[in-house]
Structure formats: structure tokens, C-alpha cells
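Engineer: give the three-dimensional model of this entry:
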Amino acid sequence: MLLFALLLVAQTADTTAADSSRRDIIYYGGKTAIFSNQKQEVVLLDSAWVRYHDMSVHSDSIHYDVKRHQLSAFKDVLFTSGSDNFTGELLVYDVDTRKGMMRTAYTHVENGFFRADEVWLVRERVLNARGASYTTCDLPHPHYAFYGPRTKLLMDDVAIAEPMVFKLFNTPILAVPFWMVPVASKRKSGFMPFKIGNSSTEGFYSKNIAYYLVINDYSDMTFYGDVMTKRGLQGRVEGVYVVTPFAQGNINGSYINEWDTRRRRYSVSAAHRSDRFFFDSQLDGKLELASDATYIPDYSEDQLEWLKPDLFSYGQITKSLRRVGSVTVLAQQKTEFSSHTRWADLPSVRLSVSQRPLFGGWNLSPSASFLHHTQDYLDSTNSTDTARTRALTGNAAVGISSPAYKIGPLGSATVSERVALAEGRKYYDDTLNLGQSPRSISSGFSANMDQRFLGTFGLTEAFTLTQSDNLRDSSPVKAAYSGSVTARATFYRVFGVTSFGMRGLLHTVTPTAALSYQPKVDSGPLFGRPHPFDPQVAQVNFGLGNTFQAKVDTAGTKRDLGTINFTTSYNLLDSVRSPRAGYLGTAHEVLNNLTPLRGVLSVRPLQSSNLNLSIDASAGFDFDSLDFRKDYSVATTFYLNRIGTDSARSGRGFQLSLNHTYIHGSSGSATHMITGNAALAVPGWKLTLTDFGYNFAQKQVANYGLMLTKDLHCWEAFAKLQKLGTRWSYDFEVRIKKLPDIKIGKGTFGSILPKIGE
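Structural biologist: Okay, here's the model as predicted:
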């Protein structure tokens, strides 16, 4: 059959005087075309189409009025305008005004589908609809829908229904006189889904009746209303703003005047951060307020909020000082309900000066800080002040450090010195306690040398001297000297292992030995009186590190398989001589000043997204008894996912996650637990064992949860049984997948269901 296309030159409706002769071209075609010169009409049959600018129509048949620029399309109509597509059974459209009407219209909107008996194209991307419905179910007869007899649809914006009826299997369930449903990919203002239910403490309720308001591209607010027949009306507000890179933050507030208790209760929380505050400073703050300690746990549905033990607020301004450093001013307050205390730092000021280069590569690093700290001890019944402490403390410090000096065969050396001053006042109920008010000076000197030999061996020497003096008493300066020498080596060996997916194994061994020495020092002027040959600490530390790496693919990708490390130390002081078993009557030195050899194992033999195994263990060997120590531990984590995602095994398989812990104490007590999760899935069903725990020592199940999930196409249903300690609870729910706030479950019938185990 001959396929042809005709061109029609037509005068457009929006011509201008500057170009009144401009004409646009309308393209049309079909397998059969009939042109009536008398009626000025073109009839296109069988695979008919018309295209004008970004508008196109495809249908079984199209009648086009050449004179009036109007077309009518019949059966299997596909209408496209820009990025919008509609299908229907009848279309009447005016090409000049770009207005029209479609019957039995259907289109896809953000995450859902829009259907209507009639749709009127009143202007670009704005529709009026009769008998319209919105759903996320893609079946010809959807499981649920939001139905509106009269609806206005702003494409990629919002659908406004008056009234709105929620239908389940085409049965009306809930109706409201007016509703706005956002159908945009971008943020748009509109009403949000709410939930209804019933509980013994709140009565029948309707929660999260919310309106989402988009203020601009950078901020929005959500207004909530909760209606509870026993508690009353609770209002809530949430606001978020993000103005990158200048500021970002949020604010949350709630208030209720409870009908049953006559109490007015509230909470306020806010957070803010400005990277470009006044004079290019950075502002960071947080605010938390509440009418009482139990308000947030009473109304929060978040378990973390149930356990919230305190309120914490702070504000901090940091100003960078060019080529100098930075200054930070901090004010903070914390209320701890459990201990009935409230403390505050108001203010806390810290000056950090960047390292200042001096001569020859030396650096100077000064700093200073001031703190005003108060602490109130509150009465547990009426939250009134019963005691207060107040402390004012100032600190100043300056440090100097050298560059790394090369000193020939001795390698490189660095030295540093830091001096700090502290001055303060401490008050108890506004009474000065001079005895506990600090006034001190301290200093610390350190020197280090480092040598490397043949790229394998290394040696490090370190020396430190610290001094401190309390200027409020007559005690002499306290000083401490310490020194250490550390030797290390690094050895490598490559093994040609080609099994278990490996293409070579690298073993790195790092033995270390370190001598630490600290002499006794008598307090005295300035440097004290050290006794170099009368040690207070003299100890040798030994270590042996083992690291394993493997190449696991043809590209030579390296993967860390694990480590095995051993450590022990030998105290050079206080050796003890006593008879050893088997040598009766003979004194032999025992090695009780040699600490047990400690081994720590951490390996990851299996590493992938679907299979993972890790083992961490530690144990010790006692040189004195020549036996293993009683304190040791093993922790194993295993994960396996065999639930298929390909077309052949989609939704079928099992998943297993296990954590095994065994800790044996030196007294003989042991903790032996296994925890984990498991799931078994078949198409449409999933059975999950959650939060499983078994105590081997007590031979009992500590807790568990069983959840059965059923896929209901656009819905999902679950039933859950949860045991925690001696308590257990149950729950069930049916909810829309893409609109999870719309659900029917235990909360809906809470007051008439048994509270077994709760």
C-alpha cells in the first residue's frame, strides 16, 4: 500500500507586522489520504499522523480542517506536545490556539499514571480534567487510585482535586473536600499523605496532615497537624534551607496543649551553618529546647529520640586571620536529665596561630584560650538551682620546632620545645576557692633522630623532658625525663600461589624492638635532680608484624588479606628468683617480668558484594607458666547473598548474615553469642529472621524477629513478631510502595487489639 506525505502551507495565528508574510508548514500523512476541495478538509486513514512544530498526533484516522486549522483524531490517539505524551480515543485540537479536548485520556506523570474521562487542554501544560484519577499502579485496572471528579493538572507540578476520594479496588475508602497532590520531579508545594489510627493513649488520631511549601529554590517548609481525640491538637513545623556556599540549616518545632493533662508542652530544635558570615567568618550553631524531659520521647516515633538523654545547644564563630591563624568563639550548654545537671561554656575563646616561619627553617606556633564554665545541679522535682560551680580559666602556649637536619651517618634530627601558662579562678556558689584555682607553668622538650640503612633497616632515638610547677604553692618544680631507642626492619617475600583466585601472594614481615628508659627524678629547681642510673622505667618492647596481600585478577589488583601481629615486653626491673617446678631446691630466675606474648589476628579471606568473611582473634602465651593465657577472644562475621536479580532467578534465593563472638576472661568467665539475620525469598514472598541472638552460656535465645513480607504489585504487606529479652510484640501493615506514608496496619486498630507482651 502506498505511503505518502503531503505538505500544507498555513498562515499562523501569531504573525507580526514585521513579518506578516511568514508561513509555517504543517506536515501530515497516512496510508490513505482523501482531500475535499469543497469542504477544505483532508481525511487521513490508516496510520495517520500530523506534525506541527513540537506537536504531533498519531491515530487510526484524522480529519483536518485546512481553513480553520482544526483536527479531529479517532481511536488509538497519541498526542505529543514537547515532552508530554497523552493517549486516548478521541482528540479535538485547534492548531493555532493549541487548545483541545481528549476523551479517555491517559498519561505518565512523575512516578505514577494519570487517567481521565475527559481532558481539556486550556493552555500550555495546564489541563482541566473530568473523572480523573492518579495512581502508581501500572495495571489496566489499578489496585488503588486517588480520584477527583473535577481536577486541574499542572504538568510537572501539581494536581488539584475538588473533592478527592481514595479508592481501593475501585471502592471509596476516604474522601476530603479538597487536596493537592504534587506530581513533579522537582520540589513543588502541595498537601502530603497522612495516616490515621487508634491507640490507647492518644485515642483515634489522624497524623501528619501536612502542607509542603516551597519558598524558593533554596528553602522550604512543611506544616503538620496531628489530631488526637484524647491528647488534643498538636502543631509541628519543619524548615530547611540550603544556600550553597553561604549557609544551610534547619528548624523544627512542635506544640500541644494536652486535653487530658492540661499541660502546655513544646520542643524546638535548629541547626545553622554559614561559611561566609560577617567579615568572612564561619558560623556554626545548634539549638535544642524542650518543655520537659519526657515530651520528645512521648510523641516521637523514632526510637533514637525515645532514648534521648539530654539537650545540647551551641554557637560557634570562627574567623580566619590571614597569614596569622584563626580565632574561635564558642558558647554551649547541655542539660543532662539523668544526672539533673546543666553546664555551660559561655564563652570559650580559642586563638590558634599558624606556624610562623623563623630563621633557618624553624617554626613558631603560639596559641591562647579562655574558658568560662558553669555547672548547675538541679533539684529532681522542680528543676530549680540547688548548687552552682563556676570556673574561669585562661591558657597561653608557644612552641618552637626545628626542620629535619641531616647529620651524615646519624640520619636526620628534629627538636621542639613548648611552654604553656595557665591561670584561673574557681567558685562554689559564688565563693572563691583559691586552693583549687589553677596557676601553673609547664614545658616540654623533645629531640628525635632517625636513621635508615639499605632501605630495609631503621633506627629511631627519642628524648623528652617535661616540667611543671604550681605557682600557688611552694613545692619545687616537677620534672620527668624519658628516652627510647627503636629498631625496625622490613622484609618481603612473594609466593607464586595460583589457587583460590590468587595470582601471587606478598608476605611482609616487620620485626621491631624498642628500649624505653625513664630515670627517677627528685623535685627541685628548674630541671629537678635526675638519677640517671636509678631507673623508674626500663623496658624493652618487641613486636613482629605480618601483612598479607594478594593479586586477585588478571589486571593485578592488590587485595589486603589480613594481618598477624605479635607483641611482648620485658621489664628490666624487679626480677624475681624462685624455685621452678621440676628443679626442687634450686633457685632459678623466673620470667614473670616478661609480659605474655600477645597475638592479634585479623584476616579477610573472602571479599565481594555477595560473599564476605572476616575473622578477628586475639590470644596470649604466658612465659612463666609456659601455657596459653585464659583471656582470649574470637569474632567472626559472615555474609552471603544468594537472592537473584537476573531474569532467571529474580526474587528467588536466600540471604544469611552471622556474627559470632567468643570472649573468655582471665577469671574464667565467658561471653559466647551468635547474632544475625537470615532471609528466604520466593517470587512474591520473603521470610526474614531479624535481630536473632543466641546466648550459648545461658543456653537461651536472647531476642529475635520474624517478618513475613508479601509483594502485592504496587502494594506490600508484612507481619512481624519481635522478641527482645523477656518482652515480645507484634505488628502488621499494608502500604503503597511508592507512597509508604499511606498504610493500613496495627496502628489503625491499635486500641481494639490485644497488648500481649507489651
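
Engineer: kindly state the beta-bridge partners for residue 661.
Structural biologist: According to DSSP bridges, the residues that bridge with residue 661 are residue 635, residue 673.

Engineer: distance of it from residue 634?
Structural biologist: According to CB to CB, to the nearest Å, residue 661 and residue 634 sit 8 Å apart. Placement of C-beta: from N, CA and C, glycine included.

Engineer: so residue 641 sits right up against residue 610, yeah?
Structural biologist: Yes. Residue 641 lies in contact with residue 610 (CB atoms under 8 Å); the separation is 4.6 Å.

Engineer: so between these two, which is more surrounded?
Structural biologist: residue 641 (17 against 11; other CB atoms under 10 Å).

Engineer: okay, buried residues for the helix or strand where residue 542 lies please.
Structural biologist: Element membership for residue 542, per DSSP states H and E: strand 529-551. Across strand 529-551, burial judged by 16 or more other CB atoms under 10 Å covers 530, 539-545, 547-551.

Engineer: dump the residues you listed to a markdown table, plus distance to residue 100 and pLDDT.
Structural biologist: Converted to a markdown table, the buried residues of strand 529-551 look like this (distance: CB to CB, whole Å; pLDDT from 0 to 100):
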| residue | distance to residue 100 | pLDDT |
| --- | --- | --- |
| 530 | 99 | 91 |
| 539 | 91 | 94 |
| 540 | 92 | 95 |
| 541 | 87 | 96 |
| 542 | 88 | 96 |
| 543 | 82 | 97 |
| 544 | 83 | 97 |
| 545 | 78 | 96 |
| 547 | 73 | 96 |
| 548 | 72 | 93 |
| 549 | 69 | 92 |
| 550 | 68 | 89 |
| 551 | 66 | 85 |
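
Engineer: where along the chain do the helices fall?
Structural biologist: Per DSSP state H, the chain carries helices over the ranges 295-299, 303-306.

Engineer: so for the first one, what's the average pLDDT?
Structural biologist: Averaged over helix 295-299, pLDDT sits at 78.

Engineer: in the buried residues of strand 529-551, find the pair that's most separated.
Structural biologist: Largest separation among those by CB to CB: 530 and 551, giving 53.8 Å.

Engineer: now residue 448: how far from residue 462?
Structural biologist: 5 Å.

Engineer: repeat that for residue 66.
Structural biologist: Taking CB to CB, one finds residue 66 at 97 Å from residue 462.

Engineer: again, but for residue 361
Structural biologist: 20 Å.

Engineer: of the two, which one has the most company?
Structural biologist: Each of residue 361 and residue 462 has its neighbours counted (other CB under 10 Å); residue 462 has more, 17 against 11.

Engineer: so who does that one touch?
Structural biologist: By CB atoms under 8 Å, 6 or more residues apart in numbering, the contact set of residue 462 is 446, 447, 448, 449, 483, 484, 485, 486.

Engineer: so how far is residue 394 from the fourth one?
Structural biologist: Which is residue 449. Distance from residue 449 to residue 394, by CB to CB: 36 Å.

Engineer: between those two, tell me which one has more neighbours.
Structural biologist: For residue 449 versus residue 394, neighbours defined as other CB under 10 Å are more numerous around residue 449 (19 against 16).

Engineer: tell me the confidence at the more buried one?
Structural biologist: Note on residue 449: pLDDT of 94.

Engineer: now do the nearest residue to residue 50 once chain neighbours are set aside, the pLDDT please.
Structural biologist: Excluding the flanking residues, the one nearest residue 50 by CB to CB, 6 or more residues apart in numbering is residue 28, at 4.3 Å. Predicted confidence (pLDDT) for residue 28: 84.

Engineer: would you confirm that residue 28 contacts residue 63?
Structural biologist: No. Look at residue 28 against residue 63 with CB under 8 Å: they stay out of range, at 11.0 Å.

Engineer: what is in contact with these two at once?
Structural biologist: Common neighbours of residue 28 and residue 63 (criterion: CB under 8 Å, 6+ apart): 42, 44.

Engineer: list the contacts for the nearest residue to residue 286 once chain neighbours are set aside?
Structural biologist: In space, not counting the residues next to it along the chain, residue 286 is nearest to residue 271; the distance is 4.8 Å by CB to CB, 6+ apart. When contacts are counted by CB under 8 Å, 6+ apart, residue 271 touches 249, 250, 251, 285, 286, 287.

Engineer: quick one: residue 271 from residue 342, how far?
Structural biologist: Taken as CB to CB, the span from residue 271 to residue 342 is 20 Å.

Engineer: count of residues packed around residue 711?
Structural biologist: Using other CB under 10 Å, residue 711 has 15 neighbouring residues.

Engineer: what sits against it?
Structural biologist: Residue 711 touches 651, 683, 684, 685, 686, counting by CB under 8 Å, 6+ apart.

Engineer: restricting to C-alpha, output the strand holding residue 542 in PDB.
Structural biologist: Extracted C-alpha coordinates of strand 529-551, given in PDB (Å, rounded to 0.1, in the frame of the first residue of the first chain):
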ATOM      1  CA  ARG A 529      67.500  16.300  90.300                       C
ATOM      2  CA  PRO A 530      67.600  13.200  88.000                       C
ATOM      3  CA  HIS A 531      69.300   9.900  88.900                       C
ATOM      4  CA  PRO A 532      70.500   8.600  85.600                       C
ATOM      5  CA  PHE A 533      71.400   5.200  86.900                       C
ATOM      6  CA  ASP A 534      68.400   4.700  89.100                       C
ATOM      7  CA  PRO A 535      65.700   3.800  86.600                       C
ATOM      8  CA  GLN A 536      62.000   4.200  87.300                       C
ATOM      9  CA  VAL A 537      61.000   2.600  84.000                       C
ATOM     10  CA  ALA A 538      63.300   0.300  82.000                       C
ATOM     11  CA  GLN A 539      61.500  -1.800  79.500                       C
ATOM     12  CA  VAL A 540      62.100  -3.500  76.100                       C
ATOM     13  CA  ASN A 541      59.100  -3.900  73.800                       C
ATOM     14  CA  PHE A 542      59.200  -6.500  71.000                       C
ATOM     15  CA  GLY A 543      56.900  -6.700  68.000                       C
ATOM     16  CA  LEU A 544      56.500  -8.900  64.900                       C
ATOM     17  CA  GLY A 545      54.100  -7.700  62.300                       C
ATOM     18  CA  ASN A 546      52.900  -9.800  59.300                       C
ATOM     19  CA  THR A 547      50.900  -8.400  56.400                       C
ATOM     20  CA  PHE A 548      49.500 -10.500  53.500                       C
ATOM     21  CA  GLN A 549      48.500  -9.100  50.100                       C
ATOM     22  CA  ALA A 550      47.400 -11.000  47.000                       C
ATOM     23  CA  LYS A 551      46.800 -10.200  43.300                       C
END
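
Engineer: that strand: partners in the sheet, and parallel or antiparallel?
Structural biologist: When DSSP bridges is applied, strand 529-551 pairs with strand 505-522 (antiparallel), strand 558-571 (antiparallel).

Engineer: shouldn't residue 605 be in contact with residue 561?
Structural biologist: Yes. With contact defined as CB under 8 Å, residue 605 reaches residue 561; the gap is 6.6 Å.

Engineer: mind checking which of the two has more residues around it?
Structural biologist: Remark: of residue 605 and residue 561, residue 561 carries more neighbours, 20 against 13, as counted by other CB under 10 Å.

Engineer: got a list of what that one touches?
Structural biologist: 505, 548, 549, 550, 603, 604, 605.

Engineer: farthest-apart pair in these, please.
Structural biologist: So, the contacts of residue 561 by CB to CB: farthest apart are 505 and 604, at 13.9 Å.

Engineer: can you list the domains in this structure?
Structural biologist: The chain breaks down into these domains under automatic domain parsing: 4-184, 630-758.
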